[in-house]
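Novice: A predicted structure for the sequence below; I have some questions about it.
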Amino acid sequence: AVAGRVVSHDLLERVAGVPPSALIWSLRDAVEQRVLVHVVDPAPGYAFRHALARDAAEAELLPAERASIHRAIADALEADHALSPGGELARTGEIAYHAMAAHDISRALVASLAAVAAADQVSAHAEAEVHLSRVVELWPRIPDAADRIGTDLAELLSRTARAAASAGHQ
């Protein structure tokens, strides 16, 4: 539930913390009970049959559990690029999202800037704007933000405004 709408089998294996055979048994049971569905595109994985079931499963987690899972997902995505079939923009965006959800704001700052670079490479201006906005949001909470990302706040705000204009926002 924490991983997103669809989660690959490989990512589940990395973060589940159980032996592969136990994971497969649990997944098979969840599919047979019609809680999860098996998907094959873009990569083999699983999704909750209903969004409300996903929301309910996530709501059952304690905040510390949820943060720990987000951290594990960010770790796995950083360690293995193949775990995110959507390419570099999707992978860096996912790392930034999961780092933020894990309350690792320094990591979220750096990952968000990496997502901006990936968005810029494919002219995804709206995506760049989203990640730049996150960097601006995090800036005051990180004392050495300028050192971490190699720019000052004025340049960051200017870059955010340019991305917003390129995305068609005023």
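Specialist: It's in.

Novice: which stretches of the protein form helices?
Specialist: 9-15, 20-32, 51-59, 63-79, 88-101, 105-121, 125-138, 145-149, 153-166 (DSSP state H).

Novice: so for this structure, the centremost residue is which one?
Specialist: Glu94 (2.2 Å; CA atoms, centre = their mean).

Novice: OK, contacts around that residue?
Specialist: By CB atoms under 8 Å, 6 or more residues apart in numbering, the contact set of Glu94 is Gly4, Ile73, Ala74, Leu77, Ser84. Every C-beta, even on glycine, is put in place using the N, C-alpha and C of the backbone.

Novice: rewinding a little: for Val40, which of the helices of the chain is the nearest?
Specialist: Ranking the helices of the chain by proximity to Val40 (CB to CB) places helix 9-15 first, at 10.4 Å.

Novice: buried set for the closest one?
Specialist: For helix 9-15, burial by neighbour count (16 or more other CB atoms under 10 Å) applies to His9, Leu11, Leu12, Glu13, Arg14, Val15.

Novice: not counting sequence-adjacent ones, nearest residue to the second one?
Specialist: To tie it back to what came earlier, the one meant is Leu11. Distance criterion CB to CB, 6 or more residues apart in numbering; nearest residue to Leu11, sequence neighbours excluded, is Leu83 at 4.9 Å.

Novice: so can I have a markdown table of the buried residues of helix 9-15 showing distance to Ala114 and pLDDT?
Specialist: A markdown table is the format used below for the buried residues of helix 9-15 (distance: CB to CB, whole Å; pLDDT from 0 to 100):
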| residue | distance to Ala114 | pLDDT |
| --- | --- | --- |
| His9 | 26 | 91 |
| Leu11 | 19 | 93 |
| Leu12 | 24 | 94 |
| Glu13 | 25 | 93 |
| Arg14 | 20 | 93 |
| Val15 | 21 | 94 |
